[in-house]
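# This is a predicted model, with the sequence first.
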Amino acid sequence: MNFAGAALAVFAFASAAILTAADDSGSVDLAVAVAESLPLAPVSPADVRVSSLSLAHPGVTLKKPRITSTATTVGYPATGVPCYACDPNAGYTIAIPIPISQWVVGQTADVTVQWDNVNYTGDCSANYALVQGGKTVANGSLSGTCNADTVAQATFTVIIPKVKGATRVVGTLDYASKKSSSSTLIFINNGK
């Protein structure tokens, strides 16, 4: 990722958008379809952190482009993450904000979308949506250029929206007219 001004360069992202959203059940495809129908709000570069690591995929000879969303997590904001091989003694590792399942309306959270890019170089975007009962209550996107043979992650800093209950958080990578999504379930309450 090549992020404007970022130290790591493998995915070039230009500012895109963040809103506030949520989901409670169901189909990731439905969540993605709902998220795509919403307009995006401007995103400050400070609201999104991107990192990546070149990682050869030995023996992989795929003819079709392949990016796979490997995880979507929601955690408390943390400085210095996401990062790769942060512990020099630990080998192939990542650091992300610790995933948390229970959230209170108005809290600040980091939504991290992770992916593995086997062989695609070109335009792409990382997206998140919070979906509740088939309705997107928050979403955001960051567009740029993906590079083959990398693993990468984008972390969006968001405010938990004013909804309650089970909420599906969907992370999606759009590339070469394809999509790959992963999701997690969180629970939002009003703190009482």
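Cool, got the structure.

# was I right about residue 116 contacting residue 149?
No. Between residue 116 and residue 149 there is no contact under Cβ atoms under 8 Å: 9.8 Å. Where you see a C-beta, it was placed from the backbone N, CA and C, and this is true even at glycine.

# Spell out which residues are contacts of both of the two.
Taking Cβ atoms under 8 Å, 6 or more residues apart in numbering as the contact rule, the neighbours common to residue 116 and residue 149 are residue 55.

# measure residue 130 to residue 182 for me?
Distance, residue 130 to residue 182, using Cβ to Cβ, to the nearest Å: 14 Å.

# what about these two, which has more around it?
Neighbours were counted for residue 130 and for residue 182 using other Cβ atoms under 10 Å; residue 130 has more, 32 against 19.

# The more buried one pairs with what?
residue 169 (DSSP bridges).

# quick one: contacts for the residue minimising distance to the centre of the chain?
Central residue of the chain (Cα atoms, centre = their mean): residue 113, 2.4 Å from the mean position. Contacts for residue 113 (Cβ under 8 Å, 6+ apart) come out as 69, 71-72, 126-128, 153-156, 171-173, 182.

# again, only this time at 10 Å
Residue 113 makes contacts with 69-73, 82, 126-128, 140, 142, 152-156, 169-173, 181-182, as judged by Cβ atoms under 10 Å, 6 or more residues apart in numbering.

# Done for today, thanks.
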